[in-house]
Every structure is written in structure tokens, then in C-alpha cells.
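>>> here you go, sequence then predicted model.
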Amino acid sequence: MNKAQLAVVIVCLSVIWSCSNHKDLTQTATGDIPTWYDNPPSDNDHLYGVYTASSQDMQLSIDKASVGADQEIAKQLEVKVQGLQKKFEEEIGGGDSSELLQQFTQATRTVVDQNLMGVSIKERKTIQSGDTWRSYVLAEYPIGEANKALLEKLKSQTNLLTQIRSTQTFQELDSAVAKYDSTK
């Protein structure tokens with residue numbers, strides 16, 4: 001799957017989750033909301049993401065909250081936001097009998113495209129209210145691990161580049177030898 005397809009999938013999933021994930025906490029007793037949800041931890045060695053989701057299926061509520069928490073972490077690393085605004089005004093008639101028509105449209109698209117290696121669920125709480133399950137998730141991403149992964153990726157790309165260069169050099173050398181041999 002290429003980056004464009006991945007971005008489209010993420011945007012579609014975000015729309016689905018946002019439509020189904022109204023944070024209507026009026027049905028949840030205040031004591032049921034974990035303290036870390038409203039006040040996530042912060043330190044220099046980790047990024048944290050919190051999210052809540054509900055579903056009639058317990059596991060689906062956990063999965064939705066987990067993916068949402070991962071997305072919150074990814075947004076802290078890099079996010080691409082595109083916006084579009086349209087404004088239309090038209091006046092019909094003249095003088096005192098004129099009518100002013102206005103229309104304003106605004107659309108925003110957020111695309112998150114990050115590879116997250118090493119994310120773990122630090123806290124999770126799931127409660128049931130009637131037929132609905134609500135899950136709260138606190139995900140933790142070690143920044144040091146991300147830096148290590150980036151360094152390894154750069155090293156592997158450097159090694160690949162060196163291999164390509166050496167192959168090209170040997171091909172040039174073979175060509176030069178063949179050219180020399182053909183002149184003899």
C-alpha cells in the first residue's frame with residue numbers, strides 16, 4: 001500500500017471514528033473517568049496519547065480507543081493539515097428591496113502518516129453502561145526508541161547507498177577493462 005492509499009485509509013477511518021466517537025460523557029459517572037484521561041502524564045522520554053471510544057462490543061471499544069491513542073501520538077510527531085474555505089455573496093435586486101445571499105463553507109482534512117514502533121498501552125479502563133462499553137486508553141511511546149529506529153533506518157539506507165555505489169563503480173571498472181581489452 002503506497003502512502004497516498006494509506007493516507008486515504010487513515011482519513012476514512014478518522015471520519016468513521018469521529019462520527020461514532022462522540023465523547024458524550026453525560027452518561028458516564030464522573031468517578032468512572034480515569035484521572036490520567038484529563039491529565040495525561042508528560043516527560044522528556046515519552047510521548048503520550050489518550051483516547052476514549054464506545055461500542056456495543058467491548059473489544060471493539062478497546063480497539064477503537066487504542067487506535068485513537070496511537071493516532072494522537074502520531075499527531076505529535078507530524079501532521080499534515082489541509083484547509084479549504086469558500087465564501088459566496090450575491091445581492092439580488094436594488095435599493096430597499098435588495099436581498100443579500102451569503103454562503104460560507106469550510107473543510108479541513110488532517111492526514112497522519114507515521115510509523116510507530118514501540119507504542120505500548122500504559123493504562124486502560126473499560127466500563128459498561130447499559131448495552132454500551134466505553135474504553136479509555138493511555139498509550140505511551142518511548143522517544144528514545146523512535147530515535148533508535150530512525151538511526152537504524154538511516155544506517156540501512158546509507159549501507160544500501162554504499163552497495164549501489166560500489167556496484168556502479170565495479171560496472172565502470174569492468175567497462176573500462178573490456179574497452180581496454182577490445183583495443184588490444
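It's in. Keep in mind the model is a prediction, meaning the values are calculated, not measured.
>>> and whichever strand or helix holds residue 141, which strands flank it?
Taking DSSP states H and E as the definition, one finds residue 141 inside strand 132-142. With DSSP bridges as the criterion, the sheet partners recorded for strand 132-142 are strand 46-55 (antiparallel), strand 120-129 (antiparallel).
>>> can you list the buried residues in the last one?
This means strand 120-129. For strand 120-129, a neighbour-count test (16 or more other CB atoms under 10 Å) marks 122-123, 125, 127 as buried. Every residue, glycine included, has its C-beta placed from N, CA and C.
>>> closest to residue 96 out of the strands paired with strand 132-142?
Between residue 96 and the strands paired with strand 132-142, the shortest gap by CB to CB is with strand 46-55, which sits at 53.9 Å.
>>> quick one: contacts of the closest one?
For strand 46-55, contacts defined as CB atoms under 8 Å, 6 or more residues apart in numbering pick out 17, 20-21, 23, 36-37, 40-42, 61, 64-73, 75-77, 122, 132-143.
>>> show me which positions of that strand end up buried.
Buried residues in strand 46-55, counted by 16+ other CB under 10 Å: 46-55.
>>> and it, what's its mean pLDDT?
In this model, strand 46-55 has a mean pLDDT of 94.
>>> give me phi/psi at residue 117?
Main-chain torsions, residue 117, degrees, to the nearest 10: phi -110, psi 130.
>>> find the centremost residue of this structure, please.
The residue lying closest to the centre of the chain (CA atoms, centre = their mean) is residue 112, at 3.1 Å.
>>> count the neighbours of the residue lying closest to that residue once chain neighbours are set aside for me.
Nearest non-adjacent residue to residue 112, counting by CB to CB, 6 or more residues apart in numbering: residue 74, 4.5 Å away. Residues lying near residue 74 (other CB atoms under 10 Å) number 20.
>>> you'd agree residue 74 is in a strand?
No - going by DSSP: H, G, I helix; E, B strand; the rest coil, the assignment for residue 74 is helix, not a strand.
>>> that one and residue 114 touch, don't they?
Yes - counting by CB atoms under 8 Å, residue 114 is a contact partner of residue 74 at 4.0 Å.
>>> now residue 105: which helix or strand?
Using DSSP H and E, residue 105 falls in strand 99-111.
>>> direction included, what does that strand pair up with?
strand 80-92 (antiparallel).
>>> what average pLDDT does the strand it pairs with get?
86.
>>> for the helix or strand containing residue 162, packing partners?
Using DSSP H and E, residue 162 sits within helix 143-183. Judged by 3 or more CB pairs under 8 Å, 6 or more residues apart in numbering; DSSP states H and E, helix 143-183 has no packing partners among the helices and strands.
>>> quick one: that helix to strand 46-55, angle?
Taking axes from the mean of the first three to the mean of the last three CA atoms, to 10 degrees, helix 143-183 and strand 46-55 form an angle of 110 degrees between their directions.
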